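Novice: Build the 3D model from these lines:
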Amino acid sequence: MSDGGQEAGRADEEVVPLSCARELENRVGELEQLLGRKNMETEILGEALEAARPKKRALRLPSPPWDASR
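Specialist: Below you'll find the model as predicted:
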């Protein structure tokens with residue numbers, strides 16, 4: 001432990017307890033899972049909206065009468 005403290009001191013970094021680092025790693029994992037769920041929900045809702053929208057029909061103009069002289 002003293003070696004780690006000396007190393008952090010040389011690197012001008014703050015030393016935090018391992019338990020605190022583990023708590024933060026766990027929290028990051030939880031947030032990553034939540035983000036993944038939200039992304040999946042967004043994709044599902046987008047697909048549902050796309051399926052629910054009425055399909056636009058292309059306007060078709062009547063064809064000119066067929067002329068055998070052409």
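
Novice: biggest helix in the chain by residues?
Specialist: helix 18-52 (DSSP state H).

Novice: Run through the protein and note the low-pLDDT ranges.
Specialist: 1-9, 11, 58-59, 68-70 (pLDDT under 70).

Novice: what's the residue closest to the geometric middle of it?
Specialist: Asn39 (4.2 Å; Cα atoms, centre = their mean).

Novice: What is the burial count for Val16?
Specialist: Val16: 11 surrounding residues under other Cβ atoms under 10 Å. C-beta coordinates here come from the backbone N, C-alpha and C atoms, glycine included.

Novice: State the helix or strand in which it lies.
Specialist: Under the criterion of DSSP states H and E, Val16 resides outside all helices and strands.

Novice: what do you get for Lys55?
Specialist: Per DSSP H and E, there is no helix or strand for Lys55.

Novice: Ramachandran coordinates for it?
Specialist: phi -70, psi 130 (degrees, to the nearest 10).

Novice: Ser19 and Pro62, how far apart?
Specialist: Separation of Ser19 from Pro62 (Cβ to Cβ, to the nearest Å): 78 Å.

Novice: the more surrounded of those two?
Specialist: Ser19 (8 against 5).

Novice: Quick one: distance of the longest helix of the chain to the chain centre.
Specialist: 8 Å (Cα atoms, centre = their mean, to the nearest Å).
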